[in-house]
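J.: coordinates only, sequence not included:
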């Protein structure tokens, strides 16, 4: 469950927008520790309305390409994670920040989904799977290298298009991401 409810967020945002309190006084009044979170809520509310403050019932999955685009947007424009979240119609600047950090540490590999849960605790190593791994190792390495090269080429093409005309590129991809998010949500 989320730490702060949608109702609470809206209450604080409306108190701020009415002009009776500053970010700091609201943080003190509700014992929140810092004013940054309230600032984020206000900015997201101004950009996305009430929907921006809703807690998602299901975890949204983002493609590697989308994550890479947000990270590249930050690098190219110098935008903050909050500005980027608003630009890409997201409500979690901290998620974008984690993508940026993963990209700095691991590159594109850091943006790929990772398996969840603990690894199995089987005591007997499976000899057949080890033999298959050894046979497929060279083939798997080549496939991995091909995939990384394809990603790099796609990235460089998008970077070139962005540098040539940033506004057209961003509008085109904003529409593409918007249509993709509708498709994923209808499943």
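T.: Perfect, thanks for sending it. Computed from a prediction, not measured in an experiment: that's the story for all the values here.
J.: can we go C-alpha only for contacts and neighbour counts from here?
T.: Noted.
J.: Which parts of the protein are helices?
T.: When secondary structure is read from DSSP state H, the chain shows helices at 6-17, 23-29, 36-48, 64-77, 81-87, 93-106, 127-164, 166-185.
J.: what about residue 11, neighbour count?
T.: Here the number of neighbours of residue 11 (other Cα atoms under 10 Å) works out to 11.
J.: Also residue 158?
T.: Neighbour tally, residue 158, other Cα under 10 Å: 16.
J.: do you know how far it is from residue 137?
T.: 31 Å (Cα to Cα, to the nearest Å).
J.: cool, residue 100 as well?
T.: For residue 100, the distance to residue 137 - Cα to Cα - is 31 Å.
J.: So the two - more neighbours on which side?
T.: residue 100 (22 against 12).
J.: Now do the contacts for that one.
T.: Residues in contact with residue 100 (Cα atoms under 8 Å, 6 or more residues apart in numbering) are residue 71.
J.: got it, and residue 41?
T.: 9, 13, 53.
J.: State the pLDDT value of the residue nearest to the second one when sequence neighbours are not counted.
T.: Take residue 13 and drop its neighbours on the chain: the residue closest to it by Cα to Cα, 6 or more residues apart in numbering is residue 42, 5.5 Å away. pLDDT, the model's per-residue confidence, is 85 for residue 42.
J.: Could you number the chain from 215 rather than 1 from now on?
T.: In the new count, where the first residue is 215, that last one comes out as residue 256.
J.: count of neighbours near residue 256?
T.: What residue 256 shows, counting by other Cα under 10 Å, is a neighbour count of 23.
J.: Quickly compare the helices of the chain and say which is most buried.
T.: Among the helices of the chain, ranked by average contacts under mean count of other Cα atoms under 10 Å, first place goes to helix 295-301 (a mean of 20).
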